[in-house]
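Trainee: Please work out how this folds:
(one chain, ligands or ions: 1)
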Amino acid sequence: MNEVERIHQLREELHRHNYNYYVLNAPEIGDQEFDFLMRELQDLEEKHPECKDENSPTMRVGSDLNKNFTQVTHRYPMLSLANTYSEAEVADFYNRVQKDLNEEFEVCCEMKFDGTSISLTYEDGKLVRAVTRGDGTKGDDVTDNVKTIRSIPLVLHGEGYPRDFEIRGEILMPWLVFEKLNEEREAREEPLFANPRNAASGTLKLQNSSVVASRKLDAYLYYLLGEGLPCDGHYENMQEAARWGFKVSDIMRKCSTLQEVMDFIRYWDKERKNLPVATDGIVLKINSLRQQRNLGYTAKSPRWAIAYKFQAERACTRLNKVTYQVGRTGAITPVANLDPVQLAGTVVKRASLHNADIIEGLDLYIGDMVYVEKGGEIIPKIVGVDKESRFMIGDKVKFITRCPECGSPLTRYEGEAAHYCTNDMACPPQIKGKIEHFVSRKAMNIDGLGTETIDQFYQEGMIRTIADLYTLKAPDIARLERMGKKSAVNILEGIRESKNVPFERVLFALGIRFVGETTAKTLAKSFRSIDALASATLDDLIQVDEIGVKIAQSIIQYFADERNLQQIERLRESGVQLEMAEMDMSDYTDKLAGQSIVISGVFAHHSRDEYKELIEKNGGKNVGSISKKTSFILAGDNMGPAKLEKAKKLGVPIMNEEDFLRLIE
Ligand code: IVH
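Mentor: This next block holds a predicted model:
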């Protein structure tokens, strides 16, 4: 591959990782790996200016913008820090500063907290706004959520703070809170957060601030901005800020030699494991604000600061065996079985090998000594092989070609890294997975049927498809281990109640590939019954707003399978809702047909979600941001100034709550 081809490959890869990280909150690679790829791209782009592209991943710093929050432009952009991974690079930074300033200077060393950054604005000593980093220029207004964080002062004490200033810091979820939250989520069978950073940023983006309050977030502040700060030193200003009521870390030290900086780094690389919150490096800042101004900025980061990132913890151990897990969707995950080894506080025996390409890339043999790393993910991963120590090894690790559970051949879908078992109707984990999905809260919401119970019913041969749930008998359940009459009655009651679940959720519960909650809603509204949907052609389907060819094909394929049709017939006989109820229909009107509506602000009569539902029920469409095509804005109190301005500019009408309710009455 030549360098230009590599540029294109890197851009594609980085765009994907950006999306995984910022949109899905589910990174596939660690920060360090990401930074290395980004650096490689930056270097190559510098070498090949003819390949310049405004949309290259190097042109942005990522975004956590979310359409449900009002967006606010930062008064001072929120820049990032240049990262380094070696002591040599820290020395380079130090020497460069020394050369540029040509006078004595101090470096303030502090922890790099691994949470989600926030910018707080205070006016006359009162918190007026809290905004996320967003894309660095604009962020989401999350003031209500931030106000629930006890360590953030709503009103300042002491004196000497400027009338109007910003303070920035990191919102964190302490390790203990994170672990407890994940335990609770596991019990409720909800997806786990990969790390406290994702948990903190996910929490901050919740629409309901009372849930935010219950999550016990914390915050450290580390950067003051504004006119008329009390001192010239960053360190001294932060000590003042602590007196005004801000939580400022004690782990801050002014160093006047490179040796002192290195000592700080080495000490805290070990000691950080005892801190209650996650940290991922050390930030070095030139202490004097005057000197900071002299050093200035690059387009993305200050020249007066740098982040030294800690190495992820790594261990070396023997690979004994590779086993394969079959997930609920049929995806196959290769798992390395290892000699137990201590890593970052826990004993690791198994690690993910991700997919066939990763195994191939590692050139792995049974008996190899492998490096295991705990990155941002819960499950450790194999990052390399110690080929030097390779002797007396076993067979080369070859990815399987048949499902370990049912023996069916595996397949790979276009654009996906994973292999899948093709036997989706009879492969045990897939059947159980389908049933688990069917009974889950957002689908049929059948209480009392957790993973273990479903497994038990399956082992006993009582269920093979979702339709079998409706023929379960109380005595059969009651005679099972750990069950009794009472559990049997409860389970059957839950199953009986599920017959009232509206059609749109039944459609989601069927687990048709690519038909998620929202798509199911759209389809139910358009086709109104399973029979109409089953007889729809590809053309009929893609006529529907937001249904593309991929979804349409998957639906056609689903209904082309005789076994699915039989299952639907059995559900129908059991009384499951397979069409929109009459009563539901009466709630629906077309008063807002063809209208695109943006909701903004705080409301008195209904919640935002209720207004969204009302808009949909009356035939309107909810949209996230204002454009020429917006029909009107449903505005509550405190509509964001940026939105207001945009609405005025584009001539989009604004409607208040009362007028809106009258309109749809
Ligand atoms: S100072 C101009 N200090 O690291 C830079 N940042 O890559 C001002 N961070 O977005 C930031 N701990 O979220 C600073 N002690 C610390 C920090 C810190 C964590 C984060 C922050 C920022 C990112 C920079």
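
Trainee: Within range of the ligand, give me the residues from this structure.
Mentor: 79-81, 110-113, 117, 133, 170, 222-223, 283, 302, 305, 307 (CB under 6 Å from any ligand atom). C-betas here are computed from N, CA, C, even on glycine.

Trainee: Of those residues, which belong to strands?
Mentor: 110-113, 117, 170, 222-223, 283, 305, 307 (DSSP state E).

Trainee: Could you identify which of these has the most neighbours?
Mentor: Phe113 (26 neighbours; other CB atoms under 10 Å).

Trainee: ok so, going back, in a markdown table: the ones in strands among the residues of the chain next to the ligand, plus pLDDT.
Mentor: Formatted as a markdown table, these follow (pLDDT from 0 to 100):
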| residue | pLDDT |
| --- | --- |
| Glu110 | 98 |
| Met111 | 98 |
| Lys112 | 97 |
| Phe113 | 97 |
| Ser117 | 96 |
| Glu170 | 97 |
| Tyr222 | 98 |
| Tyr223 | 97 |
| Val283 | 98 |
| Ala305 | 98 |
| Ala307 | 97 |
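
Trainee: Extract the residue ranges of this structure that are flagged as low pLDDT.
Mentor: Applying pLDDT under 70 to the chain flags residues 18-26, 31-32, 54-55, 59-67, 189-190, 345, 375-378, 582-586.

Trainee: Helices of the stretch 101-250 of the chain, start to end?
Mentor: Taking DSSP state H, counting those that start in this stretch as the test, the helices found in the stretch 101-250 of the chain are 143-146, 175-187, 196-204, 209-214, 234-243.

Trainee: Just name the most buried of those helices.
Mentor: Of all the helices of the stretch 101-250 of the chain, helix 196-204 has the most neighbours on average by mean count of other CB atoms under 10 Å, namely a mean of 23.

Trainee: how big is the angle separating that helix from helix 175-187?
Mentor: With axes from the mean of the first three to the mean of the last three CA atoms, to 10 degrees defining the directions, helix 196-204 sits at 70 degrees from helix 175-187.

Trainee: Name the residue of the stretch 401-550 of the chain with the shortest distance to the ligand.
Mentor: Here the residue of the stretch 401-550 of the chain nearest the ligand is Ala417; by CB to the nearest ligand atom that distance is 28.8 Å.

Trainee: pretty sure that residue contacts Leu353?
Mentor: No - using CB atoms under 8 Å, Ala417 is not in contact with Leu353; the gap is 11.7 Å.

Trainee: In contact with the residue of the stretch 1-150 of the chain found nearest the ligand, which residues?
Mentor: Nearest to the ligand, among the residues of the stretch 1-150 of the chain, is Ser117, at 3.1 Å (CB to the nearest ligand atom). By CB atoms under 8 Å, 6 or more residues apart in numbering, the contact set of Ser117 is 78, 132-133, 168-171.

Trainee: and what of Phe165?
Mentor: Neighbouring residues of Phe165 by CB under 8 Å, 6+ apart: 121-122, 224-229.

Trainee: and Asp659, which of the three is it?
Mentor: Secondary structure for Asp659, judged by DSSP: H, G, I helix; E, B strand; the rest coil, is helix.

Trainee: Count the residues that sit near it.
Mentor: Using other CB under 10 Å, Asp659 has 11 neighbouring residues.

Trainee: same thing with Glu106?
Mentor: Here the number of neighbours of Glu106 (other CB under 10 Å) works out to 19.

Trainee: That one touches Met252, doesn't it?
Mentor: No - at 11.7 Å, Glu106 does not count as touching Met252 under the criterion of CB under 8 Å.

Trainee: list the residues that contact both of those two?
Mentor: By CB under 8 Å, 6+ apart, Glu106 and Met252 have these common neighbours: Tyr235.
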